[in-house]
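[1] here are the coordinates; sequence isn't available:
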């Protein structure tokens, strides 16, 4: 009898695993259980969908329909929620949400791709408070779209990347937007000058910022801050981070790691070797920090899913780890990072030193040249590059990808200063931004 | 007495060396001899200057004036041409072009930064032929600018990057443009599909192409092709490559390398240890080919100059080599490369294999996503990445810089496929173009 591979979760990691397993093992029985009606959609695209429903309709976010998976011989069951896992028995208790029926599903190998869920608001909410929304799933977006006609003013709780992307989306829709952030500054994981650049950009675009402010409750059509200030709102968007969805896993005896997400080895196996985990519910090995981290990001989920799918289907793929590379855009400004910041580097046992440089993105006389802020961190003793953060309207993604490749190869600041990068006036100054940052940090390292 | 450092040539390498030597050694006497009136200008910016004199006037191309160098204590002598080098005597014969006076200049250490000169047209030119122009120096540009009112139609000889950039410049100025190229296709060092993309782009923009055509002569207001066809022209721009300017060096007994440019060691010293060479007249060590190459490029010249300047002033800098990274833009299309093409890789003793992939530059649903053609080459036996070529309207420079960093770190195709790059819909598809190319080539390598 063919092996039964069952996958719980059908957004990024789950669908990638299913498709990969299918290609590798034509004979396996592959079942995917997804509680939503949609599968395989770009959650990262939701703010762009919201900002421009005409140009990016819902359908464009969906990479592959359930029917397309079924045509590939994947038993794709949408609106099926897994309620319990019996690891020793090798079965799942599944609720068919459409039919309202609970049944038992056997498996030989199981993939947990249960994702992450938004942290809920934990303050008193009065009955006449504005409605609360999240922007995590495509259904969350549907709900916001339905309410749009009634929304004139939005208060966003949380100044992380989802909060900022969504602030821009509402702003482009002509809504008044305020962001409430508990920390005294935006993107606190970034160096202060970069955080300031983001703050300036957000304010310049008319978004009100309330920094260092907690929320004490939601009241009559408004958000009430700790200091008693009331911010009127037709909608409260909660974007205060996400947590790994691990309830099913922990109930079944699957071990979590120090981050609270599911611990996996390099083959994406949990403590039970026939159970895999991938995507936003699972940890990743960080190649620079040399420890497990939790990075709920779409591209990481995709790569997790590929490795898990290969191995479930009998292959021998290894997940080589992450660098913590991430990017987002807010009002034209790219905010990007890879590797470790200074505090993270200290925690990982390095002796970090950092420098911020301000450089143009192209030859100064070329149209399109923009200011870049680059914060580069290296180990003082060895010169090894540890991480980079960038903000800029142009070429920030290029700089981060270049440094990411450098981190992968364990390059030093000397290497960065020496790199042979692509120069022509429309693309770079003659001394590339990465080289300038490397050169400056080289001196700091006393090299 | 302080050491006398003398530099011949004042565009990229020479001025960089002078400035670097000045910073490192406050006591040295530094003389720079430049035959042109201008120094320290962006030769790479000349086509952009020509295309838009208002936005990029001549003055913007000049990074630093002779006066600024003099204020730094550099004895900057413009319009001084070196006529002879006496290495054993440690003197130069210099002609002051302004004063029409020849004098002797002593040196302790000498830098040859004599650059490269355009290959001249070697066909019969009748007296009533259209004027011939080059676009190598800022004076060449001045001459073209002076003639612009009389030019309605330009024939460009040579379909390399200077020819193509200049074709675009004239086209933007509303002139009719034709390019004559001896080879049967444009950018022959690139893989055919990429060459085709460039050819299509150039034709779409109204530039006439005459491929596989030699020129038999210039005649009454026209260029005469080998097949007898006459192309009317008000100006003939010759862009058939450049050659290293080595006359002074060879006359003085300085050794040239197999490329015909001046051979240097990693400290940029020639066969005479007190004589350095840098920039377009000198060779570079290629880190992937493991041999000397000649790459007359502005950014390489700058890095050469820095190393030479440091060492002339008593430092111990090492030039770590190049990867052959280069980029240019033609009618919006970026054309870029790093490392070795397949033929070059074969010649360097590798067992290369290549693949071309066509991928979008960003999430497909995002505005600004454009088609990229990526040609990736790796060694079949080891999987080591050897080179990459890209054409595209978006992100081609990012891909090349990422692969350049990967080449610097000796990464394999497996590494490329696994890299943790910056993903967000406005910047990349969830599976980055570099990863897709790595993945495809991994299979070809049987990994």
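    Right, received. Where do you want to start? What you see is a predicted model; the values in this text were computed from it and never measured.
[2] Nearest to chain B: which residue in chain A?
    Nearest residue of chain A to chain B, counting by C-beta to the nearest C-beta: residue A:409, 1.9 Å away. From N, CA and C alone the C-beta is placed, and that goes for glycine too.
[3] Surely that residue is in contact with residue B:404?
    No - taking C-beta atoms under 8 Å as the definition, residue A:409 is not a contact partner of residue B:404, at 11.1 Å.
[4] picking that back up, any idea how far residue A:300 is from the residue of chain A closest to chain B?
    20 Å (C-beta to C-beta, to the nearest Å).
[5] Neighbour count: those two, which is higher?
    residue A:300 (27 against 18; other C-beta atoms under 10 Å in any protein chain shown).
[6] tell me the phi and psi of that one?
    Per-residue torsions, residue A:300: phi -60, psi -40 (degrees, to the nearest 10).
[7] Spit out the contact partners of it.
    A:279, A:284, A:322, B:420 (C-beta atoms under 8 Å, 6 or more residues apart in numbering or on different chains).
[8] show me where the stretch 251-400 of chain A has helices.
    Along the stretch 251-400 of chain A, the segments classed as helices by DSSP state H, counting those that start in this stretch run A:298-312, A:342-347, A:396-408.
[9] With mean pLDDT and distance to residue B:18 added, can I get those in TSV?
    TSV is the format used below for these (pLDDT from 0 to 100; distance: least, C-beta to C-beta, whole Å):
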stretch	mean pLDDT	distance to residue B:18
helix A:298-312	98	46
helix A:342-347	96	37
helix A:396-408	98	29
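[10] Of those helices, which stretch is the most buried?
    Greatest average neighbour count among the helices of the stretch 251-400 of chain A goes to helix A:396-408 (a mean of 29), per mean count of other C-beta atoms under 10 Å in any protein chain shown.
[11] What is that one packed up against?
    strand A:326-330, strand A:333-339, strand A:371-379, strand A:385-392, helix A:413-418, helix A:433-444, helix B:396-408 (3 or more C-beta pairs under 8 Å, 6 or more residues apart in numbering or on different chains; DSSP states H and E).
[12] of the ones you listed, which approaches residue B:437 most closely?
    Across the helices and strands packed on helix A:396-408, residue B:437 has its closest neighbour in helix B:396-408 (8.1 Å, C-beta to C-beta).
[13] Now do that closest one against strand B:385-392, angle only.
    180 degrees (axes from the mean of the first three to the mean of the last three C-alpha atoms, to 10 degrees).
[14] Let me know the angle separating helix B:396-408 from strand B:333-339.
    Going by the same axes, to 10 degrees, helix B:396-408 makes 0 degrees with strand B:333-339.
[15] Tell me how far helix B:396-408 lies from the chain's centre.
    Using C-alpha atoms, centre = their mean, to the nearest Å, the distance from the centre of helix B:396-408 to the centre of the chain it belongs to is 18 Å.
[16] Make TSV out of the contacts of residue A:300 and add distance to residue A:218, neighbour count and pLDDT.
    Shown next, in TSV, are those (distance: C-beta to C-beta, whole Å; neighbours: other C-beta atoms under 10 Å in any protein chain shown; pLDDT from 0 to 100):
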residue	distance to residue A:218	neighbour count	pLDDT
A:279	31	34	98
A:284	35	28	98
A:322	37	25	98
B:420	39	29	98
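[17] Which positions in the stretch 151-300 of chain A make contact with chain B?
    Taking C-beta under 8 Å from any C-beta of the partner chain as the contact definition, the stretch 151-300 of chain A meets chain B at A:287, A:297-300.
[18] at 6 Å what do you get?
    By C-beta under 6 Å from any C-beta of the partner chain, the part of the stretch 151-300 of chain A that sits against chain B consists of A:298-299.
[19] Low-confidence stretches in the stretch 151-300 of chain A?
    Of all residues in the stretch 151-300 of chain A, none has pLDDT under 70.
[20] Now residue A:156: phi and psi?
    The phi/psi pair for residue A:156 (degrees, to the nearest 10) is phi -100, psi 130.
[21] I figured it hits residue A:167, correct?
    Yes - when contacts are counted by C-beta atoms under 6 Å, residue A:156 is listed as touching residue A:167 (5.5 Å).
[22] List the contacts of residue A:108.
    Neighbour list for residue A:108: A:3-4 [criterion: C-beta atoms under 6 Å, 6 or more residues apart in numbering or on different chains].
[23] and it, how far is that from residue A:275?
    Distance from residue A:108 to residue A:275, by C-beta to C-beta: 11 Å.
[24] Residue A:375 now?
    Taking C-beta to C-beta, one finds residue A:375 at 40 Å from residue A:275.
[25] likewise residue A:161?
    Applying C-beta to C-beta, the value for residue A:161 to residue A:275 is 31 Å.
[26] Next: residue A:209.
    From residue A:209 over to residue A:275 (counting by C-beta to C-beta), the distance is 44 Å.
[27] Comparing the two, which shows the higher neighbour count?
    Higher neighbour count among residue A:209 and residue A:275: residue A:275, with 23 against 17, using other C-beta under 10 Å.
[28] Show me the strands in the stretch 1-150 of chain A, by range?
    A:4-8, A:29-34, A:74-78, A:80-86, A:91-96, A:101-106, A:109-112, A:116-118, A:132-133 (DSSP state E, counting those that start in this stretch).
[29] can you redo those strands as JSON lines with mean pLDDT?
    Converted to JSON lines, those look like this (pLDDT from 0 to 100):
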{"stretch": "strand A:4-8", "mean pLDDT": "98"}
{"stretch": "strand A:29-34", "mean pLDDT": "98"}
{"stretch": "strand A:74-78", "mean pLDDT": "98"}
{"stretch": "strand A:80-86", "mean pLDDT": "98"}
{"stretch": "strand A:91-96", "mean pLDDT": "98"}
{"stretch": "strand A:101-106", "mean pLDDT": "98"}
{"stretch": "strand A:109-112", "mean pLDDT": "98"}
{"stretch": "strand A:116-118", "mean pLDDT": "97"}
{"stretch": "strand A:132-133", "mean pLDDT": "98"}
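[30] which of those strands is buried the deepest?
    strand A:109-112 (a mean of 28).
[31] Would you mind pulling the contact partners of it?
    A:5-8, A:17, A:249, A:274-277, A:281, A:308, A:312.
[32] Count the neighbours of the residue nearest to residue A:204 when sequence neighbours are not counted for me.
    The shortest distance from residue A:204 to any non-neighbouring residue, by C-beta to C-beta, 6 or more residues apart in numbering or on different chains, is to residue A:331 (7.5 Å). Look at residue A:331: counted by other C-beta under 10 Å, it has 19 neighbours.
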